[in-house]
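Visitor: sequence first, predicted model second:
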Amino acid sequence: MIFATVGSTQIPFERFVRALEQLPGEQMLVQHGPVEPPGGAARASAFMQFPEVIESMEAADVVVCHAGAGSILCALRSGHTPVVVPRLRRFDETVDDHQLEFSRALAAEGKVIAVEDLSRLAGAVEAAPSRRQTGERGGRLLPIQVAVRGALQASPIPA
């Protein structure tokens, strides 16, 4: 399964969501923010609560996300080498190119697979190591993950 997230539900990331349409949709769960979901996705949601994002990352074979620090860190902690697509200023997807700089720095260290040219997204996802193949798990949970899990176990959110 592929889990894809745009992170922010405030700022549209249409370019990324449209590029997801080149991936096998029947195997894809997408958090798409304030734009129409990609065609063919098995499941799509504009917004996800943090625990659901973490659970989705932990269940996924591959994570594809924007180049936000929080999304990348959660993917790494879940045992993934995430495929990251930076939001770019020239497309009004962010206020500056900090995500571009961040994704390039992490790619140089082998922590992420950075995709700047979206015509290469499908190839990057295909080349990404599957967490299921390696059997790897991430490191310690982030403090916020521990807090959220503890709070949910203490008082579950009503359905």
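Guide: Thanks, I have the structure now. Numbering: from 1, shown residues only.
Visitor: residue 94 reaches residue 12, doesn't it?
Guide: No - counting by Cβ atoms under 8 Å, residue 94 stays clear of residue 12, with 10.9 Å between them. C-beta here means a position set from N, CA and C on the backbone, and glycine is covered the same way.
Visitor: can you get me the start-to-end distance on stretch 11-23?
Guide: Using Cα to Cα, to the nearest Å, one end of stretch 11-23 lies 23 Å from the other.
Visitor: in it, which residues are buried?
Guide: Buried residues in stretch 11-23, counting neighbours by 16 or more other Cβ atoms under 10 Å, are found at 12-13, 16-17, 19-20, 23.
Visitor: format those as a markdown table; extra columns: secondary structure, pLDDT and distance to residue 117.
Guide: What follows is the buried residues of stretch 11-23, written out as a markdown table (DSSP: H, G, I helix; E, B strand; the rest coil; pLDDT from 0 to 100; distance: Cβ to Cβ, whole Å):
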| residue | secondary structure | pLDDT | distance to residue 117 |
| --- | --- | --- | --- |
| 12 | coil | 94 | 20 |
| 13 | coil | 96 | 16 |
| 16 | helix | 97 | 13 |
| 17 | helix | 97 | 16 |
| 19 | helix | 97 | 10 |
| 20 | helix | 96 | 15 |
| 23 | coil | 92 | 15 |
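Visitor: mind putting the residues you listed into TSV with distance to residue 30?
Guide: Output for the buried residues of stretch 11-23, formatted as TSV (distance: Cβ to Cβ, whole Å):
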residue	distance to residue 30
12	14
13	11
16	10
17	7
19	11
20	6
23	9
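Visitor: which of those residues sits closest to residue 32?
Guide: Lowest distance from residue 32 to the buried residues of stretch 11-23 (Cβ to Cβ) belongs to residue 17, with 5.0 Å.
Visitor: show the contacting residues for the closest one.
Guide: Taking Cβ atoms under 8 Å, 6 or more residues apart in numbering, we find residue 17 in contact with 6, 30, 32-33, 35-38.
Visitor: distance of it from residue 79?
Guide: Distance, residue 17 to residue 79, by Cβ to Cβ, to the nearest Å: 25 Å.
Visitor: swap in residue 122?
Guide: Noted for residue 122: a distance of 22 Å to residue 79, by Cβ to Cβ.
Visitor: the more surrounded of these two?
Guide: residue 79 (19 against 16; other Cβ atoms under 10 Å).
Visitor: in which helix or strand would I find that one?
Guide: Residue 79 belongs to no helix or strand when assigned by DSSP states H and E.
Visitor: pLDDT below threshold where in this protein?
Guide: The model of the chain has pLDDT under 70 over residues 132-159.
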